[in-house]
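>>> Provided below for reference: sequence and predicted model.
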Amino acid sequence: MNDSLRYQIALTKIPKIGNVHAKNLISFCGGVEPIFKSSKKALLKIPGIGEHLAQAITEQDVLRQADQEIQFIQKNKIQTFFYLDANYPARLKHYNDAPILLYHKGNAQLDHPRNVGIVGTRKPSPRGKLICEELVEGLKEYNVQIISGLAYGVDITAHRKSVELNIPTVGVLGHGLSRVYPQNHYNTAREMELNGGLLSEFTSDLGPDYHHFPMRNRIIAGLCDALIVVETPNKGGSMISANYANAYNKDVFAVPGRLSDHQSAGCNHLIKTHKANLIESAADIGYIMRWDKLDQQKNIQTQLFVDLDDRERKIVDHLKNIDSKSIDQLSYDAQLNASEMAGVLLGLEFKGVIQPLPGKRYMLV
């Protein structure tokens, strides 16, 4: 039995311990296991830990629940990602509210060079479905991975079109991996595991409770480089995803609709308030994300004839053989703080070595 995983799962099972609070506990105690080996008296000295939380930790019932979850993981070949591990999705790593533990079934490359999220209403119009399929088809040439939520409507349309076109696709779930919800999407989910997969922050015993779905929307937003909203009213999960994406400095795109169309009111609002780029086709996304330009440059062998110091060369090395990276990813890779990273990037820009991209990302010239 993996003792580290046992304590990681147990931490997520403590009532009223969210991801932010859990990370603070880990920082104060110096790891996950020490949390459960601390006395109640020691736990009460930690800011934010009251009598009830300290009691829940020391009772250790969550460790028994973790043991049951590990049996499920082993039986079903589930892969886990802990937020301090090297294999944790890089796009999520730097968000304070990111899950401390993720469960994945399938063969998806979560750090795929280009992740595109597609979300929308659960009751799309025939026009909305057609646009969704056309966008997925157009995105195929950009070598993307499609991220969505396996829900009715736009989500499942995007997943099924991806499966049909052999585009890797990941469904982020609002429940544990012991089930597929809606049940109607079971066959599609199984096909997705062959080229993509299913991802969740919830243990196998947790079902599709209504408050789980807004939580999974932040994962969709955090995993993608670009988020597309196809059709949505002014309120709903798609608008939550778009708001998260904007907060995470991701590029958001929306398909416009007629002024009288309730189904597109949310898309029109995002465009009107400058929270989304108006798009008509996948080519618009490729242009705004500069993927066309990047793909043209991939086939050109470049040689840098400039003098670089050690920190600059480290950044260049991390940008080799990859389309682009965010400033957060580069800071983490190079172990530089924000002010140091800003100075190094500015110097590389002046030397013509790197070029800034939308969403605070950088690429080699």
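Everything's here; your move.

>>> F81 pairs with what?
L102 (DSSP bridges).

>>> from memory it sits against I100, does it?
No: contact criterion CB atoms under 8 Å: F81 and I100 do not qualify, at 9.6 Å. Placement of C-beta: from N, CA and C, glycine included.

>>> Which of the two has more residues huddled nearby?
Set side by side, F81 and I100 show more neighbours around I100, with 23 against 20, by other CB atoms under 10 Å.

>>> what's the distance between that one and G18?
As defined by CB to CB, to the nearest Å, I100 lies at a distance of 9 Å from G18.

>>> next one: R127
From R127 to G18 the distance is 40 Å (CB to CB).

>>> Extract the C-alpha set from stretch 185-194 and format it as PDB.
Output of stretch 185-194 as PDB, limited to C-alpha atoms (Å, rounded to 0.1, in the frame of the first residue of the first chain):
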ATOM      1  CA  HIS A 185     -22.800   9.000 -22.000                       C
ATOM      2  CA  TYR A 186     -21.200   5.800 -20.800                       C
ATOM      3  CA  ASN A 187     -20.200   4.400 -24.200                       C
ATOM      4  CA  THR A 188     -18.600   7.700 -25.200                       C
ATOM      5  CA  ALA A 189     -16.700   7.800 -21.900                       C
ATOM      6  CA  ARG A 190     -15.300   4.400 -22.500                       C
ATOM      7  CA  GLU A 191     -14.200   5.400 -26.000                       C
ATOM      8  CA  MET A 192     -12.600   8.600 -24.600                       C
ATOM      9  CA  GLU A 193     -10.400   6.500 -22.300                       C
ATOM     10  CA  LEU A 194      -8.700   5.000 -25.400                       C
END
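
>>> Do you have the strands of the stretch 251-365 of the chain handy? List them.
Using DSSP state E, counting those that start in this stretch, the strands of the stretch 251-365 of the chain run over residues 251-254, 277-278, 325-326, 354-357, 361-364.

>>> Spit out the contact partners of the residue most central in space within the chain.
Geometric centre of the chain, nearest residue: L223, 2.0 Å, by CA atoms, centre = their mean. With contact taken as CB atoms under 8 Å, 6 or more residues apart in numbering, L223 is in contact with 89, 91-92, 110, 115, 117, 147, 170, 172.
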